[in-house]
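**Q** model the structure of this input:
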Amino acid sequence: MLLGPDDLPLATILHARDGLHGIIADDSGDHRIWFPHGMARIRLAIIVPLDEDLMLRLNSIRRFHRLLTGKPIRPIPSLQALSASERYRATLMLRAWDGADSGASRRDIAGVLFRSDFSGLSAAEWKSASERRQLARILAEARAMIGGEYLTLLRGDVRRRR
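**A** Residues are numbered from 1 along each chain as shown. Below is the predicted model of the structure:
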């Protein structure tokens, strides 16, 4: 079966040097797809690493195939679904990491995340502020997620449940 971007319900399309990137919206988690030849129709393929996360990947592939074939998509397994507090923590990590990556100071990041103005604090007050330590933990956790720990969220590892 040959498919192109026009054949799919792409909610978002980004034209880049390496082709076209699209997102198919799904209430349980969006699907990202890459068309290396832009708008050209191609035979879709999925490359799957044979690692300890194979079953997780196959479940995602099965959900994507059901979406492509118009079959009802089952919800994400409960072990993989994030709790409200996990979603909130992940949001904090992303916002903090984006701020740090764009060059914002830690005081500025803390001000945005914790809705408080830390600019008036002396260096000693800032150093002893609980928000400073909390931000350091959030950034350390974000760094770990970027380094591969995000897979613990997808696997449903009990270690992530604190």
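**Q** could you use CA atoms for every contact and neighbour count after this?
**A** Fine.
**Q** tell me the buried residues in the longest helix seen in the chain?
**A** When the chain is parsed with DSSP state H, its longest helix is helix 84-101. Across helix 84-101, burial judged by 16 or more other CA atoms under 10 Å covers Ala90, Leu92, Met93, Leu94, Arg95, Ala96, Trp97, Gly99.
**Q** do the same with stretch 134-147
**A** Leu135, Ile138, Leu139, Glu141, Ala142, Arg143, Met145.
**Q** pretty sure the fifth one contacts Met93?
**A** Yes. With contact defined as CA atoms under 8 Å, Ala142 and Met93 form a contacting pair (5.1 Å).
**Q** domains in the protein, by residue range?
**A** 2-68, 84-160 (automatic domain parsing).
**Q** thinking again about what came up before, quick one: contacts of the longest helix of the chain?
**A** Applying CA atoms under 8 Å, 6 or more residues apart in numbering, the contact partners of helix 84-101 are Ser105, Arg106, Ile109, Leu113, Leu135, Ile138, Leu139, Glu141, Ala142, Arg143.
**Q** and Lys127, what does it touch?
**A** By CA under 8 Å, 6+ apart, no residues touch Lys127.
**Q** any idea of the mean pLDDT for the helix or strand harbouring it?
**A** Element membership of Lys127, judged by DSSP states H and E, is helix 123-128. Mean per-residue pLDDT for helix 123-128: 94.
**Q** next SSE downstream of it?
**A** helix 130-144.
**Q** report the angle between that following helix and helix 84-101.
**A** 90 degrees (axes from the mean of the first three to the mean of the last three CA atoms, to 10 degrees).
**Q** list the buried residues for whichever helix or strand comes after helix 130-144?
**A** Sequence order places helix 150-155 as the next helix or strand after helix 130-144, per DSSP H and E. By neighbour count on 16+ other CA under 10 Å, the buried set for helix 150-155 is Tyr150, Thr152, Leu153, Leu154, Arg155.
**Q** so who does the nearest residue to Leu10 once chain neighbours are set aside touch?
**A** Among residues not flanking Leu10 along the chain, Ile24 sits closest, at 4.7 Å (CA to CA, 6 or more residues apart in numbering). Going by CA under 8 Å, 6+ apart, Ile24 touches Leu8, Pro9, Leu10, Ala11, Thr12, Asp30, His31, Arg32, Ile33.
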